[in-house]
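**Student:** can't give you the sequence, but here's the structure:
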């Protein structure tokens, strides 16, 4: 791997560890030329399906676009970067596990909403408000009421 600092070809792996659920390897590297250190992540290159948009257009899957939407919903929420990466990995895994060559964007949105609902209901409502195009406060109220009716999960205690 090329050094991101000096572009030298000679880098060596100092440490390798499994990350999250074992689907990724974190490698700590050192440049033999400039002695800078950096981290890389290795994941299997599994093909993701093409996305069928609501207008029928087909596009290649864009993970960065999906993650951007997820990060916007989780903005200023109490999840660590590691927790966010785990949730994002689960979303990608669920999409891959379906084993389809094409997937509708609406299905991806539902997968995202289900994942957000499990980790942060505020982020879920934020995402749902854009995804389902809430028009007024009544739409928010109905969604929150439906969340309240679901079985409450154990909550982490907040430190003050």
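**Tutor:** Happy to help now that I have it. Bear in mind that the values here come from a model prediction, so they are computed numbers and not experimental data. Numbers count the residues shown, from 1 in each chain.
**Student:** show me what contacts the residue most central in space within the chain?
**Tutor:** The centroid of the chain falls nearest to residue 88 when counting by C-alpha atoms, centre = their mean (2.3 Å). By C-beta atoms under 8 Å, 6 or more residues apart in numbering, the residues touching residue 88 are 66-67, 70. (Each C-beta comes from the backbone N, C-alpha and C, glycine too.)
**Student:** need those residues in a markdown table (columns: neighbour count, pLDDT and distance to residue 122).
**Tutor:** Output for these, formatted as a markdown table (neighbours: other C-beta atoms under 10 Å; pLDDT from 0 to 100; distance: C-beta to C-beta, whole Å):
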| residue | neighbour count | pLDDT | distance to residue 122 |
| --- | --- | --- | --- |
| 66 | 21 | 93 | 19 |
| 67 | 15 | 94 | 18 |
| 70 | 19 | 95 | 13 |
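**Student:** now do the phi/psi pair for the closest residue to residue 19 other than its chain neighbours.
**Tutor:** Distances taken as C-beta to C-beta, 6 or more residues apart in numbering place residue 26 nearest to residue 19, at 4.7 Å, with adjacent residues excluded. Here is the backbone geometry of residue 26 (degrees, to the nearest 10): phi -100, psi 130.
**Student:** counting neighbours, what do you get for residue 26?
**Tutor:** Residues contacting residue 26 under the criterion other C-beta atoms under 10 Å number 14.
**Student:** so where's this structure shaky on pLDDT?
**Tutor:** Where the chain drops to pLDDT under 70, the residues are 151-160.
**Student:** can you give me the strands for it?
**Tutor:** With DSSP state E as the criterion, the chain has strands at 11-19, 24-31, 37-42, 50-52, 58-59, 102-104.
**Student:** go ahead and confirm residue 127 touches residue 69.
**Tutor:** Yes: with contacts counted by C-beta atoms under 8 Å, residue 127 reaches residue 69, the gap being 7.0 Å.
**Student:** anything in contact with each of the two?
**Tutor:** residue 112.
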